[in-house]
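[1] Sequence plus the predicted model coming up.
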Amino acid sequence: MAPKSTVVKVELQVSDMDRHYYAQHNLTMAQHPSETDARLMVRLLAFALYADERLEFGRGLSEEGEPDLWQRDYVGDILCWIDLGQPDESRIRKACARAQRVVVVNYGGNAADVWWNRNAAALARFDNLTVIDIDPQAIEGIVGHVQRGMRLTAMIQDTELQLMSDSLNVALTPRVRKAATA
């Protein structure tokens, strides 16, 4: 964890009916001082969407050579690399060379549209790349519920993610801009 990071503990129950994955994860997230609550929650949403017993948070903002989330096998090979926002094409190229699967999770609304229009042609060649967008309005509905300790349930069915707690019930469907073909 980076110095002066805020520690956020999350008890996340994932029921992913699309992948038949059901598990409870006790997560400790370090929120870098420059990380917004929206980005923190997008990291959590990305975790829920791609949950696996070996998925873990990278050092993200504090380490340029690591993704925001990644899943490695037992010998250290990278199975899945997940970046948030609008990474540059060279970073994505390097990630696609290092990992079996790469996912970019956009959440910037118009900024994500501009990024995609600028990079779509170059990114089309990567067979192991998936690019999804999360609606910024859905994120706004979640941000008001950020606490240093949270108990959440993520239910995924027919690509829709529903994030729930005692005081929260937000449904969102990530828009797929590019699906991996490999």
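    Great, that's in hand.

[2] Pull the distance from the helix or strand bottoming out on mean pLDDT in the chain to the chain's centre.
    Lowest mean confidence among the helices and strands of the chain (mean pLDDT, DSSP states H and E): helix 136-143, at a mean of 92. Taking C-alpha atoms, centre = their mean, to the nearest Å, the mean C-alpha location of helix 136-143 is offset from the chain mean by 14 Å.

[3] got it, and stretch 171-179?
    12 Å.

[4] quick check: mean pLDDT across it?
    Per-residue pLDDT over stretch 171-179 has a mean of 96.

[5] That one spans what distance, first to last residue?
    Length of stretch 171-179, first residue to last, C-alpha to C-alpha, to the nearest Å: 21 Å.

[6] Please apply the same query to stretch 46-64.
    Start-to-end, stretch 46-64 (C-alpha to C-alpha) is 19 Å.

[7] Then stretch 10-21?
    18 Å.

[8] buried set for the least confident helix or strand of the chain?
    136, 138-139, 141-142 (16 or more other C-beta atoms under 10 Å). Yep, even glycine has a C-beta here, placed from its N, CA and C like the rest.

[9] Who does the helix or strand just after it pair with, and is each partner parallel or antiparallel?
    Next in sequence after helix 136-143, counting helices and strands by DSSP states H and E, comes strand 149-157. Strand 149-157 has the following strand partners under DSSP bridges: strand 6-16 (parallel), strand 160-164 (antiparallel).
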